[in-house]
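Visitor: need the 3D shape of this:
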Amino acid sequence: MAAARRMAAAGVVGDPVCTMASAGRPDPALVPQGGRIGIGSHDGYWCLIVKPGS
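Guide: The predicted structure follows:
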């Protein structure tokens, strides 16, 4: 969620910790299936992190 907050504060999509980042409504088909993922959102910004070894 911290990365999504940083993106929202800056008004830009992208953060070094995000494997995938987006603004607006994300497409669930883009989320990797299986493995361990973390998703954070804030004010319309989304950050997906795929954990190593997934």
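Visitor: tell me which helix or strand in the protein has the weakest average pLDDT.
Guide: When each helix and strand of the chain is scored by mean pLDDT, DSSP states H and E, strand 37-42 comes last, with a mean of 89.
Visitor: which helices and strands does whichever helix or strand comes after that one pack with?
Guide: Remark: after strand 37-42, the chain's next helix or strand is strand 45-50, criterion DSSP states H and E. Contacts defined by 3 or more Cβ pairs under 8 Å, 6 or more residues apart in numbering; DSSP states H and E place strand 45-50 against helix 2-10, strand 20-23, strand 37-42. The way it works is simple: take the backbone N, C-alpha and C, and place the C-beta from them, glycine included.
Visitor: bridged to Ser22, which residues?
Guide: Beta-bridge partners for Ser22, by DSSP bridges, are Trp46.
Visitor: make sure it is actually in contact with Gly40.
Guide: No: assessed by Cβ atoms under 8 Å, Ser22 is found out of contact with Gly40, at 11.7 Å.
Visitor: which residues are common contacts for the two?
Guide: With contacts taken as Cβ atoms under 8 Å, 6 or more residues apart in numbering, Ser22 and Gly40 have Trp46 as neighbours in common.
Visitor: contacting residues for the most centrally placed residue in the chain?
Guide: Most central in the chain under Cα atoms, centre = their mean is Cys47, positioned 1.1 Å from the mean C-alpha point. By Cβ under 8 Å, 6+ apart, the contact set of Cys47 is Met1, Ala3, Ala4, Met7, Asp15, Val17, Cys18, Met20, Ala21, Ile39, Gly40, Ser41.
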